[in-house]
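Novice: Using only what follows, build the 3D model:
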Amino acid sequence: MKYLHALLFCLLLSSCTATPQLGCPYEGEPDFAFAAGCLAVAHGKVLVVDSRTGGLTPPGGKSREGESAQCAAHRETLEETGLSLIPGKLLTVFDTGFHLYACAIHPDSGQIAPAVMEVRRSFWLDLASFDSVQWRYPGQQNILRDILMSNVSADTSDTQAD
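Specialist: Below is the predicted model of the structure:
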């Protein structure tokens, strides 16, 4: 009986922390990659996650079997931030094969509310603080800075970044 109570408690807890599943908003020719993520900039801030292993990184993660890189970027960003982003232009492919897309905030996205187990936290990092934080992967900071400075990913949304 105590196992049944534990199982019910776990199911209840997981239903409270699950990220709502939204369909992939990407329309276009799909890319396929091992992993993908989103680079979103709004109001002088860039969307980042503080990973469980330490350091900041744009939201993203592994693709599922048969899933396009753009849809993986959308799904992983939704799971890690609670925000629904629309993948656009491919910005770079890291040496790991990770595809990073310029992403716009979907008008119905809402506020940051990550799934509890995905990351430590998600937030909008002020670009003025970009060089003063620890990044998760060596060299990632320089690549991201180059992308941001080239204005390839200029503000992608009119949505309030808090």
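Novice: which residues in the protein form helices?
Specialist: Assigned by DSSP state H, the helices in the chain fall at 2-17, 69-81, 140-149.
Novice: Let me know the average pLDDT across the shortest one.
Specialist: By that I understand helix 140-149. If you average the pLDDT over helix 140-149, you get 93.
Novice: Can you point out the buried residues in that helix?
Specialist: Neighbour counts over helix 140-149 (16 or more other C-beta atoms under 10 Å) mark 140, 141, 143, 144, 147, 148 as buried. Where you see a C-beta, it was placed from the backbone N, CA and C, and this is true even at glycine.
Novice: Report whether the expected contact of the second one with residue 131 is present.
Specialist: Looking back up the chat, that one is residue 141. Yes: taking contacts as C-beta atoms under 8 Å, residue 141 lies within contact range of residue 131: 7.3 Å.
Novice: Can you tell me how far residue 129 is from residue 56?
Specialist: Separation of residue 129 from residue 56 (C-beta to C-beta, to the nearest Å): 10 Å.
Novice: Also residue 78?
Specialist: 19 Å.
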